[in-house]
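Colleague: got a sequence here, can you model it:
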Amino acid sequence: MQELASYFNIGRHHIVDVRSLGHMLLVTALCIRYLFSDWKKVVILISAFTVGNIAGMILSIFNIFRLSNHWVEFLIPLTIIITAITNVFVKKFVYKQKYPPIYFLALFFGFIHGLSLHHFSFVQLTGFTIGIEAGQFLIVLAILLLTFICISILKINRREYILFLSGGVLAVAMQMAMQRIPF
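Modeller: Alright, predicted model coming up:
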């Protein structure tokens with residue numbers, strides 16, 4: 001039980017550590033289109049990312065599917081770039097689809113992010129994953145709070161807010177990708 005708690009803390013710290021900027025940027029890009037009233041959709045979205053992340057970690061841990069770390073480190077900012085670009089196309093803020101395409105992107109991108117972690121036992125993976133999920137929800141809460149302040153209190157146009165934040169995320173992710181080109 002102590003090992004589980006220890007890896008929970010490692011996972012929680014991993015997600016909020018500046019060295020995990022890619023993870024934070026992807027979660028930001030995924031969530032900035034949503035409001036607090038969309039909380040159920042955000043839970044599904046972040047859970048899809050986590051499920052993909054776990055699948056990637058498991059396949060990597062058991063050597064079923066593995067990419068070189070150089071490629072994974074390059075693909076991570078590409079997932080952020082793609083997500084930020086999809087935000088440009090968000091014009092209406094009514095999400096009627098039960099499972100919109102962004103959920104599947106989150107699942108797939110979580111898989112790619114999970115390939116970067118391949119040195120865990122089952123207990124360690126469980127604790128780490130629960131810690132990551134807890135940390136992700138802290139980031140999501142911060143993003144939703146920022147969105148609320150900007151849109152509801154400061155009265156910033158929602159589309160402009162999404163474009164501005166997506167542009168910032170995109171710029172950082174492009175810099176990361178250029179620094180990590182594996183060839």
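
Colleague: now name the helix or strand holding L117.
Modeller: Here L117 is covered by no helix or strand, with elements defined by DSSP states H and E.

Colleague: next, the contact list for it, please.
Modeller: L117 sits next to G56, M57, S60, F128 when contact means Cβ atoms under 8 Å, 6 or more residues apart in numbering. C-betas here are computed from N, CA, C, even on glycine.

Colleague: from P101, how far out is the residue positioned nearest the centre of the chain?
Modeller: A centroid search over the chain (Cα atoms, centre = their mean) returns V27, at 3.2 Å, as the residue closest to the centre. V27 sits at a distance of 17 Å from P101 (criterion: Cβ to Cβ, to the nearest Å).

Colleague: try V16
Modeller: Distance check for V16 against P101: by Cβ to Cβ, it reads 28 Å.

Colleague: mind checking the SS state of V123?
Modeller: Using DSSP: H, G, I helix; E, B strand; the rest coil, the structure places V123 in helix.

Colleague: contacting residues for the nearest residue to N87 once chain neighbours are set aside?
Modeller: Among residues not flanking N87 along the chain, S166 sits closest, at 4.0 Å (Cβ to Cβ, 6 or more residues apart in numbering). Applying Cβ under 8 Å, 6+ apart, we find S166 in contact with A29, I32, A84, I85, N87, V88.

Colleague: widest-spaced pair of those?
Modeller: Using Cβ to Cβ, the pair of the contacts of S166 lying farthest apart is I32 and I85, separated by 13.0 Å.

Colleague: please enumerate the helices of this protein.
Modeller: With helices called from DSSP state H, the chain shows them at 2-16, 21-31, 39-61, 69-88, 101-114, 122-148, 158-179.

Colleague: right, so the ones you listed: which one is the most enclosed?
Modeller: Compared across the helices of the chain, helix 21-31 shows the largest average neighbour count, a mean of 24 (mean count of other Cβ atoms under 10 Å).

Colleague: against which helices or strands is that one packed?
Modeller: Using 3 or more Cβ pairs under 8 Å, 6 or more residues apart in numbering; DSSP states H and E as the contact definition, the elements that helix 21-31 packs against are helix 2-16, helix 39-61, helix 69-88, helix 101-114, helix 122-148, helix 158-179.

Colleague: pLDDT averaged over the fifth one, what's the number?
Modeller: Okay, so that is helix 122-148. If you average the pLDDT over helix 122-148, you get 91.
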